[in-house]
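Chemist: Dropping a prediction and its sequence here:
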Amino acid sequence: APRRKKIYEGKAKILYEGTEPGTLVQYFKDDATAFNAQKKAVIEGKGVLNNRLSEFFMNGLTNIGVPNHFIRRINMREQLIRQVEIVPLEVIVRNFAAGSLSKRLGLEEGTLLPRPIVEYSFKNDELGDPMVSEEYIIAFGWATQQDLDDIVSLALRVNDFLSGVFYGVGIKLIDFKIEIGRVWDNDFMRLIVADEISPDSCRLWDMKTGQKLDKDVFRRDLGNLTDAYTEVARRLGLMPANT
Ligand code: C5P
């Protein structure tokens, strides 16, 4: 029974009014969507895993000084977050070619890129999140040049952190997406990492076998998605030991 006031419902998460001013409760659903919601399924346990995994990554970012919206986990499916004004961009960082980049440039998936590449999509479901340039972003006023400098710097710090954490457990971080929020502290605007960091928004390949441990398992029908996410959580030490 819903006891909190719903603020917004997205494809994989619901936002409720927070327990204190300036906060929201982020609820992780089991729903999975792909190809702009043309493919849909309910995947038992996905929300619980992503809630825990996002907590783990956001806490790690906090510990190395990368500002983000996470405050604390409330229960299996909910976490308390800072309320932000979402910048209407998906910020994608790529280390190896895959997905839409491979398609666009005819690059084999897994090709090492000359350096990490940051790119942007305009967050708009009807349009299918089209890729946009910095020119577009500044011209349409979605962010300023200063904002973009800060966003690139945040994105690359997140990339270094996540790449290292995954490397330590035998996983290659191919690419990922983050979202950025604006907050005001005493009239001073700052940009912080928002939304979630989970295998829903990363590409993760086993270093030895190349096995996919991310949402491509669902997009491409490669097996059981919960098993893949459980394996990621297990390697990161987030699952109770096997008996
Ligand atoms: O599809 P594409 O190759 O552009 O995706 C790059 C990365 O961004 C992938 O890790 C994908 O999971 C993530 N992404 C996302 N949400 C989107 C689009 C991409 O999390 N709407």
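Modeler: Cool, the structure landed. Just so it is clear, the structure is predicted and the values come from calculations on it, not from any experiment. Numbers count the residues shown, from 1 in each chain.

Chemist: Just the pLDDT at the residue of the chain found nearest the ligand, thanks.
Modeler: Each residue of the chain has a distance to the ligand, by Cβ to the nearest ligand atom, and the smallest belongs to Gly99, at 2.2 Å. Quick note: C-beta positions are derived from backbone N, CA and C, even for glycine. Confidence at Gly99, expressed as pLDDT, is 98.

Chemist: Contact residues of the chain facing the ligand?
Modeler: For the chain, the residues in contact with the ligand (Cβ under 6 Å from any ligand atom) are 90, 92, 98-101, 129, 175-177, 201-203, 215.

Chemist: Just the buried subset of these, written out for ChimeraX, thanks.
Modeler: Command for ChimeraX, covering only those of the residues of the chain next to the ligand found buried under the criterion 16 or more other Cβ atoms under 10 Å:
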select :90,92,98,101,129,175,176,177,201,202,203,215
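
Chemist: Okay, now the unreliable bits of the chain?
Modeler: When the per-residue scores of the chain are filtered using pLDDT under 70, the ranges that remain are 1-2, 242-243.

Chemist: can you give me the helices for it?
Modeler: Counting by DSSP state H, the chain has these helices, from start to end: 46-63, 99-105, 134-139, 145-168, 216-219, 225-235.

Chemist: Report all helices and strands that the last one contacts.
Modeler: Helix 225-235 is packed against helix 46-63, helix 216-219, with contacts defined by 3 or more Cβ pairs under 8 Å, 6 or more residues apart in numbering; DSSP states H and E.

Chemist: how much does it deviate in direction from helix 46-63?
Modeler: Helix 225-235 runs at 30 degrees relative to helix 46-63, counting by axes from the mean of the first three to the mean of the last three Cα atoms, to 10 degrees.

Chemist: mind checking how far helix 225-235 is from the chain centre?
Modeler: Using Cα atoms, centre = their mean, to the nearest Å, the distance from the centre of helix 225-235 to the centre of the chain it belongs to is 16 Å.

Chemist: May I see the buried residues of it?
Modeler: Of all the residues in helix 225-235, those buried under the rule 16+ other Cβ under 10 Å are 225-226, 228-233, 235.

Chemist: would you turn those into JSON lines with distance to Tyr136?
Modeler: Listed next are the buried residues of helix 225-235 as JSON lines, based on distance: Cβ to Cβ, whole Å:
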{"residue": "Leu225", "distance to Tyr136": "33"}
{"residue": "Thr226", "distance to Tyr136": "38"}
{"residue": "Ala228", "distance to Tyr136": "34"}
{"residue": "Tyr229", "distance to Tyr136": "34"}
{"residue": "Thr230", "distance to Tyr136": "39"}
{"residue": "Glu231", "distance to Tyr136": "38"}
{"residue": "Val232", "distance to Tyr136": "34"}
{"residue": "Ala233", "distance to Tyr136": "37"}
{"residue": "Arg235", "distance to Tyr136": "38"}
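
Chemist: Now distance to Glu196 and mean neighbour count too, for the helices and strands packed on helix 225-235, in a markdown table please.
Modeler: Compiled in a markdown table, the helices and strands packed on helix 225-235 are given as follows (distance: least, Cβ to Cβ, whole Å; neighbours: other Cβ atoms under 10 Å):
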| stretch | distance to Glu196 | mean neighbour count |
| --- | --- | --- |
| helix 46-63 | 4 | 20 |
| helix 216-219 | 16 | 21 |
